[in-house]
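Visitor: Below is the structure, and that's it, no one-letter string:
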Ligand code: HEM
C-alpha cells in the first residue's frame, strides 16, 4: 500500500509485459511479411528481424518462467470455475448497462476468472505452439545440420500452417485484450496500472476473485 494506492504489478512483471508486447507485435509484422501478406522491410530483412526477435522472445520467456516460479506468481494463473458465469455475463450484458464488475482485483488475485482461463491457455497452449513450430521452422530451414530428419519432417507445409494459426490466435487475443483493458474503472486505469505498477485502492477488492461468496462471508465474520 502507498497512500491510497496498491502496488499490484512489480517491476519485472511490467518489464516482461511491455517487452513481450513489443516483441510479439514486431514478430507479427515481420511474420506476416514472410507470409506474403504485407510489404514493409523486404522479405530477406524480415526473415533476419523475425529470427532475432524470436530469440529475444525465447530468452524473455525463460526469465519470465523463472520469475513466476521463484515468486509463486504462477498461482495467479491457475484457472477457477468460480464466478466464471458471472464474469461472462458481465462482458456480454452487464458491461453495456453499467453494472459493477462482478469480481474485484486484489494484489494476491489480480486476474478475474476469465482472464485466468485465457492467460492459462496462452501460456500452456498458444505460446508453446508458436515457439515450437517456429523453432522447427528455423531448424528445418537452416538446414539439416541439426538432424531435423530424425523427427520425420519432410515438408514445411504443416509447420507453416500451425505457426500461422498460432499467430492468428495470438493476434485475436491482442485485439480482445486491447478492448478489455479499456473496460476498467476508467478507460485508462488498467493501462496506467501496468505502466506504474499501482492501482487505485478505492477500486480494489478485499478478496481473492477465486473465493466463493460463502468463503468471503466467513472471512468477513472472522475479521
Ligand atoms: C519464438 C517464437 C518464434 C519463432 C522461433 C519463429 C520462427 C519463425 C520462422 C523461422 C519463420 C520462417 C522464416 C523463413 O521463412 O525463413 C516464421 C514465419 C512466420 N512467423 Fe514466426 N516465429 C516466432 C514467433 C512468431 C509470432 C509471435 C508471430 C505472430 C504473432 C509469428 C508469425 C509468423 C508468421 C505469420 C510467419 C509466416 C508463416 C508462413 O506463411 O510461412 N511468429 N517464424
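Guide: Arrived safely, thanks for sending. Here the structure is a predicted model, which is why all the values come from computation and not from measurement.
Visitor: which residues in this structure form helices?
Guide: Secondary structure of the chain, counting by DSSP state H: helices at 11-35, 43-71, 84-92, 113-121, 127-141, 157-181, 189-196, 213-222.
Visitor: Could you export those helices to TSV, including columns for mean pLDDT and mean neighbour count?
Guide: (C-beta placed from N, C-alpha, C; glycine too.) Shown next, in TSV, are the helices of the chain (pLDDT from 0 to 100; neighbours: other Cβ atoms under 10 Å):
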stretch	mean pLDDT	mean neighbour count
helix 11-35	98	17
helix 43-71	98	15
helix 84-92	85	15
helix 113-121	92	18
helix 127-141	90	18
helix 157-181	95	15
helix 189-196	95	16
helix 213-222	37	10
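Visitor: mind putting those helices in a markdown table, distance to the ligand included?
Guide: Formatted as a markdown table, the helices of the chain follow (distance: least, Cβ to the nearest ligand atom, whole Å):
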| stretch | distance to the ligand |
| --- | --- |
| helix 11-35 | 2 |
| helix 43-71 | 3 |
| helix 84-92 | 24 |
| helix 113-121 | 15 |
| helix 127-141 | 2 |
| helix 157-181 | 4 |
| helix 189-196 | 20 |
| helix 213-222 | 38 |
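Visitor: Quick one, which of those helices gets closest to residue 105.
Guide: Taking Cβ to Cβ, helix 189-196 is the member of those nearest to residue 105, at 8.8 Å.
Visitor: Please list the residues outside the closest one that contact it.
Guide: Residues outside helix 189-196 that contact it (Cβ atoms under 8 Å, 6 or more residues apart in numbering) are 8-9, 14, 17-18, 181-184, 199-200, 203.
Visitor: ok so, going back, go through the helices of the chain and name the closest to residue 78.
Guide: helix 113-121 (6.9 Å).
Visitor: related to what we said a few turns ago, would you turn the helices of the chain into CSV with distance to residue 104?
Guide: Below are the helices of the chain laid out as CSV (distance: least, Cβ to Cβ, whole Å):
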stretch, distance to residue 104
helix 11-35, 19
helix 43-71, 22
helix 84-92, 12
helix 113-121, 12
helix 127-141, 28
helix 157-181, 16
helix 189-196, 13
helix 213-222, 10
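Visitor: Select, out of those helices, the one closest to residue 100.
Guide: Smallest distance to residue 100 across the helices of the chain (Cβ to Cβ): 8.8 Å, for helix 84-92.
Visitor: name the helices or strands packed onto the closest one?
Guide: The contact analysis (3 or more Cβ pairs under 8 Å, 6 or more residues apart in numbering; DSSP states H and E) places helix 84-92 against helix 113-121.
Visitor: Pick out the residue nearest the middle of this structure.
Guide: residue 119 (5.2 Å; Cα atoms, centre = their mean).
Visitor: Could you verify my assumption that that one touches residue 77?
Guide: Yes - if you go by Cβ atoms under 8 Å, residue 119 and residue 77 touch, sitting 5.4 Å apart.
Visitor: so what's in contact with the two at the same time?
Guide: Residues touching both residue 119 and residue 77 by Cβ under 8 Å, 6+ apart: residue 111.
Visitor: Could you measure from residue 90 over to residue 114?
Guide: For residue 90, the distance to residue 114 (Cβ to Cβ, to the nearest Å) stands at 9 Å.
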